[in-house]
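>>> Could you look at this predicted model? Sequence included:
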Amino acid sequence: MLSNTYQRQVAEAIKEIESRTDAEVIAVVARKADNYLSISTLWAAFLTLLAAPLIELLPFWISLQQAVTLLWVLFITLAVLFRWRPLTMRLVPKKIKFWRAANLARRQFLEQGLHTTKGRLGLLIFVAEAEHYVEILTDKGIAQRINNDHWQRVVENFVQQIKRGKAGEALLLCIEQCGGVLREAIPTSIIKDKLPNHLIIIN
């Protein structure tokens with residue numbers, strides 16, 4: 001998670017951007033897009049079912065009740081173990097992780113009020129840490145003036161920086177690059193700053 005220093009720098013960077021463009025920018029970082037409890041539980045149940053026939057191979061005889069108890073213990077142990085985040089994220093397919101992250105990004109776009117900006121000039125920089133997911137969402141007013149290829153290149157640069165272990169620097173660079181594009185395409189013409197500049201963190 002980003003340090004307090006980086007969080008302050010993010011707020012200052014967004015404020016600087018918004019002083020030079022009519023766009024409203026918000027940055028959201030989520031520790032994870034979902035707890036994936038249902039998926040980890042399904043894995044625990046699946047492996048328990050696979051283990052059931054192996055009870056007959058135990059070197060000692062046990063009763064049916066003991067066998068059921070043993071399977072319950074195995075299921076509960078696996079269910080708890082699979083809730084450990086690093087292991088959970090390995091069990092969840094990439095497609096599902098990205099789908100959940102994308103869904104949360106769109107919810108945040110609405111919850112943060114970016115769809116209510118004057119001229120539909122809202123822009124969201126969204127990061128889901130556990131999923132290693134980055135997305136830039138723009139409202140209609142920005143999309144009409146700036147091709148999505150610009151944002152895709154910014155996202156690709158962001159991801160490359162994250163892979164080098166520089167999450168804080170990556171976010172600041174991303175904000176700076178977004179600001180450069182916005183200043184050129186949508187220079188400031190009105191006084192505004194209705195939405196928060198600070199980094200929004202979702203635990």
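Yes, it's here.

>>> Confirm for me that Ala51 is in contact with Leu71.
Yes - under the criterion of Cβ atoms under 8 Å, Ala51 makes contact with Leu71 at 7.1 Å. All C-beta spots, glycine's among them, are computed from the backbone N, C-alpha and C.

>>> Helices of the protein, start to end?
Using DSSP state H, the helices of the chain run over 4-18, 37-51, 64-81, 85-91, 94-111, 140-143, 148-163, 167-185.

>>> packing partners for the fifth one?
In this case it means helix 94-111. strand 24-30, strand 122-128, strand 133-138, strand 200-202 (3 or more Cβ pairs under 8 Å, 6 or more residues apart in numbering; DSSP states H and E).

>>> Try it again at 7 Å.
Counting contacts by 3 or more Cβ pairs under 7 Å, 6 or more residues apart in numbering; DSSP states H and E, helix 94-111 is packed against strand 122-128, strand 133-138.

>>> before we move on, what about the longest one?
Packed against helix 167-185, as judged by 3+ Cβ pairs under 7 Å, 6+ apart, are the following elements: helix 4-18, strand 24-30, strand 122-128, helix 148-163.

>>> can you list contacts of the first one?
Helix 4-18 is contacted from outside by 24-25, 27, 168, 171-172, 175-176, 179, 182, 193, 197-199, using Cβ atoms under 7 Å, 6 or more residues apart in numbering.

>>> Can you say which two of those are spatially most distant?
The span of the contacts of helix 4-18, defined through Cβ to Cβ, is set by Gly168 and Asp193 at 23.8 Å.

>>> of those two, who's got more company?
Between Gly168 and Asp193, counted using other Cβ atoms under 10 Å, Gly168 has the larger neighbour count: 17 against 11.
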